[in-house]
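>>> Quick one, structure for this:
(chains A, B and C)
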Amino acid sequence: MAKTNPGRFFEDYTLGQQIQHAVPRTVTSGERALYHALYPARHALYSSDAFARGCGLAGSPLDDLAAFHIVFGKTVPDISLNAVANLGYAEGRWLQPVYPGDTLRARSTVIGLKENSSGKTGVVYVRSEGLNQRDEVVMSYCRWVMVKKRDPQAPAPAPVVPALADAIAPADLVIPVGLDFSSYDFTLAGEAHRWGDYEIGEQIDHVDGVTIEQAEHMMATRLWQNTSKVHFDATVRPDGQRLIYGGHVISLARGLSFNGLANAQMVVGLNGGAHANPCFAGTTVHAWSEVLDKAETAAPGIGAIRLRLVARSGGEAFTRKAEDGRYLPHVLLDLDYWALIPL
Amino acid sequence: MAKTNPGRFFEDYTLGQQIQHAVPRTVTSGERALYHALYPARHALYSSDAFARGCGLAGSPLDDLAAFHIVFGKTVPDISLNAVANLGYAEGRWLQPVYPGDTLRARSTVIGLKENSSGKTGVVYVRSEGLNQRDEVVMSYCRWVMVKKRDPQAPAPAPVVPALADAIAPADLVIPVGLDFSSYDFTLAGEAHRWGDYEIGEQIDHVDGVTIEQAEHMMATRLWQNTSKVHFDATVRPDGQRLIYGGHVISLARGLSFNGLANAQMVVGLNGGAHANPCFAGTTVHAWSEVLDKAETAAPGIGAIRLRLVARSGGEAFTRKAEDGRYLPHVLLDLDYWALIPL
Amino acid sequence: MAKTNPGRFFEDYTLGQQIQHAVPRTVTSGERALYHALYPARHALYSSDAFARGCGLAGSPLDDLAAFHIVFGKTVPDISLNAVANLGYAEGRWLQPVYPGDTLRARSTVIGLKENSSGKTGVVYVRSEGLNQRDEVVMSYCRWVMVKKRDPQAPAPAPVVPALADAIAPADLVIPVGLDFSSYDFTLAGEAHRWGDYEIGEQIDHVDGVTIEQAEHMMATRLWQNTSKVHFDATVRPDGQRLIYGGHVISLARGLSFNGLANAQMVVGLNGGAHANPCFAGTTVHAWSEVLDKAETAAPGIGAIRLRLVARSGGEAFTRKAEDGRYLPHVLLDLDYWALIPL
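As a prediction, this is how the structure comes out:
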């Protein structure tokens, strides 16, 4: 067994450690088509080269979330193979679009470590970055996971918990070079609502639902080269269930959010997120959004909108937490992100 | 809810109304590969660039039915979101092939309106067109659907039922520029039967069958960006079934028809079609064809053959309707189309 | 029925007969992406154009097994439509990589015939070759299958059993032009183990498992245009099961073998293989490997490693046959192949 990857345990991480993740990935129009087969993705900028050119880009990029999934997938063998829980995300930024033909690789830096009081696990904080074939960083985000210790007797490192922003400041959002919504075609995009039509606090029920199949979530997760056993192997869990990759639910919910947020075209910031409850095949996912914030940008015709995106399995729209502050059992995802939308 | 699409009701349509459908779509070799993964598609012209070039084309086009599905999918949010039934097709013509890299959009014109005697629904007739990035019409077809009224008390419009041809006249079939079957390679195409080998009235049982899975029909329908809830959301119908998009059955049956009609390469005319009974996952689809007509064309080596394509779930081949004229319960699809075949 | 393909029976084969298989296939980045969605494929050379260029190739080729599946699929309508059993493989060699844009076709030569004593079946031995659009042979392998006789009374041909090598001699392995592992990036490839780190007789349990879904094996098998009814039609077998294409298990097991054999990048020789037991949807596949042989090559930095790859459903790793020489019931696949690995 010495040749297979046992994953890293809590003791294997040190503050400041840099990890180069394996298996670079060239993305193509094939990944793009699969994204549209696996998720109800209809945002026009990612569907049509002509529409994207009308917005100042060279063509239709790979969905921003696909870029995230690929970078995330690369980190799994080094970060979360022995993870007990995926605790949170912060400070996620998309720094430039990924186009068919680009090759992505990933690296992570350990930015925090804190052993849990049980002595059996610890929390590892990493900043992960995706880089393209020109060594440009295309996205960057922080994630923290609870990881098993190999040896409960191993000494605890000095605890370091990084200070992470609650949200990306609007001025720190990176708008793709050339992006211009001043000639935006609202008819082709599918809705007339622009930046000014959304109010902070406004809530939108996205109406549509999708029932998830095993083959779908496994094909998606495999395409992102995510190797976490629980997603693929029905013999891992005592209940015979395959746990659905949390990112699959993110992409589903984002796809559903087209209905009401068709013009929230580009995802540029990930402020935070929680996979509130596990999701399994057979679940029907519905989604709702809430406008958390709005900001202007210096780019032509482009505003920023901060959205809470909640995926649910049953339950009611616009419900999220119980009085004790815990997520209600029907809530699958609570995501906080920035998108770009025409003014 | 004000921001989400409630769909149009019968009162929202007016005669002559033009509707531009949203979400243009660039098709690539990814959609092409998915078509071959989702359907038993083996017609050589759509499988091999080299074969297509040998027939005078620039390369292998996207399957004609994929082009249809994409155009159809675009029309759903505006035409059939509140449809009770998809009643029929007529006067469908493919006007030029769609190649990887092309961007398709769709528009429809209301050509007929007739309220039903119940006052609760009406029939809307539209002509829908798919256009490419050069604003050339790549396909055009008529469809009529029964749509709910928002308000049963709303006054009925003057009834207009368009006169639609029973079948496309052979002279009106459009043969792609450059198409030439005079050096057609029957060995590579898979069968020796040419135009002259088929007789009007001849029936062919295509032998092979395919059992449909939920993941397959949902991935296909999602790839065409068809948003009809009944295909994706198991909570919509009281029986928990997801209704399979009728076009999925069309593509399955057409794929199966390779066995016996391998040289009926290009679909150029859609004379009519009925989704005779609903189809659900788990169904095993078999198909049979009948030669309805034949015609010569002015193009080199190219004949036209008019085919009835019937998909069935169980039952017997070559059975279609009961004595009372109603479709037998095992009949899923009854399609009438023109294809191009080497002389 | 005269127009559909009844398949060939034992009497239809003659020694030396050449068969051109139908339906050439252009492969694209779409097939490549689907391969990564359907199998846990992570070998870097097939994942990243940049990595492949670093190894002296023009870009990332289509997975070698995908090339095999496509060639194999083309042979099915002519070789194995009436096959009772797929008996074995030998002398398989990959002669050059297949790149997106290439068009593959296939041909077979009958190299042996032997009627079985029952008089009801016979064994047909063929050498099958895949050719690209430049008529270059990209792969070649021998296969023998047991085929039904149409007429048990038909006279038996003179028995000819070809002499097939137990394994490809290392000197006969073809290394792609330009391939160079002297600057191989072990970090990006995912493991540090090189040719010298593996010992003959060494066994590796690849740890990870994958549970197979109906939609997945059908989409894969359909993508290879394999028309064998048993894979798609639940009404064919009395038990209602769809038999999974043996090649699907090969690709799954090869993908799983990344964990421990990440640097066994290119498959260049197929020495033999047995589909030891049938596989059905719902099966969870695990895999283990054994190093059977090693050889140096004349190419820069490149060694060859001969591996036994065993796929199992339950049971224990490193078990294969019972004392009577028969495969244990949990063994699905026993494959013997050569791969190229950095020195």
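
>>> Tell me how far residue A:333 lies from residue A:282.
17 Å (CB to CB, to the nearest Å). The C-beta positions use only the backbone N, C-alpha and C, and glycine is treated the same way.

>>> And these two? Which one has more around it.
residue A:333 (26 against 13; other CB atoms under 10 Å in any protein chain shown).

>>> Which of the helices or strands spans that one?
strand A:331-342 (DSSP states H and E).

>>> Note down every partner strand of that strand and its orientation.
Applying DSSP bridges, strand A:331-342 is found paired with strand A:266-274 (antiparallel), strand A:302-313 (antiparallel).

>>> mean confidence for the first one?
pLDDT averaged over strand A:266-274 equals 98, rounded to a whole number.

>>> try stretch A:72-86
On average, stretch A:72-86 scores 93.

>>> now that stretch, how far from the centre of its chain.
14 Å (CA atoms, centre = their mean, to the nearest Å).

>>> Likewise for stretch A:315-324?
The answer for stretch A:315-324 is 22 Å, by CA atoms, centre = their mean.

>>> just the CA coordinates of that stretch, formatted as CSV?
Extracted C-alpha coordinates of stretch A:315-324, given in CSV (Å, rounded to 0.1, in the frame of the first residue of the first chain):
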residue,chain,number,x,y,z
GLY,A,315,-39.5,22.9,3.2
GLU,A,316,-40.4,26.5,2.4
ALA,A,317,-38.6,29.2,0.4
PHE,A,318,-37.2,32.0,2.5
THR,A,319,-36.7,29.8,5.6
ARG,A,320,-33.1,29.1,6.6
LYS,A,321,-32.4,28.7,10.3
ALA,A,322,-34.3,27.7,13.4
GLU,A,323,-34.5,30.0,16.4
ASP,A,324,-31.5,28.3,17.9
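
>>> which residues are contacting that stretch?
A:203, A:205, A:286, A:288, A:290, A:310, A:312, A:327-331, A:334 (CB atoms under 8 Å, 6 or more residues apart in numbering or on different chains).

>>> among these, which ones are buried?
Neighbour-count burial (16 or more other CB atoms under 10 Å in any protein chain shown) applied to those gives A:205, A:286, A:288, A:290, A:310, A:312, A:327, A:330, A:331, A:334.

>>> so what secondary structure elements neighbour whichever strand or helix holds residue A:139?
Here residue A:139 sits within strand A:137-148, counting by DSSP H and E. Using 3 or more CB pairs under 8 Å, 6 or more residues apart in numbering or on different chains; DSSP states H and E as the contact test, the elements touching strand A:137-148 are helix A:64-79, strand A:83-94, strand A:103-115, strand A:121-131.

>>> Report the buried residues of it.
Result for strand A:137-148 [16+ other CB under 10 Å]: buried residues A:138, A:139, A:140, A:141, A:142, A:143, A:144, A:145, A:146, A:147, A:148.

>>> Quick check: next helix or strand after that strand?
helix A:186-189.

>>> so does that following helix get close to chain B?
Yes. For helix A:186-189, a contact with chain B is found by CB under 8 Å from any CB of the partner chain, at A:187, A:188, A:189.

>>> Wondering if stretch A:225-245 reaches chain B at all.
No. Stretch A:225-245 lies apart from chain B when judged by CB under 8 Å from any CB; the minimum separation is 13.4 Å.

>>> The contacts of stretch A:315-324 into a markdown table, with extra columns for pLDDT?
Listed next are these as a markdown table, based on pLDDT from 0 to 100:
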| residue | pLDDT |
| --- | --- |
| A:203 | 98 |
| A:205 | 97 |
| A:286 | 98 |
| A:288 | 98 |
| A:290 | 98 |
| A:310 | 98 |
| A:312 | 98 |
| A:327 | 98 |
| A:328 | 98 |
| A:329 | 98 |
| A:330 | 98 |
| A:331 | 98 |
| A:334 | 98 |
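
>>> Done for today, thanks.
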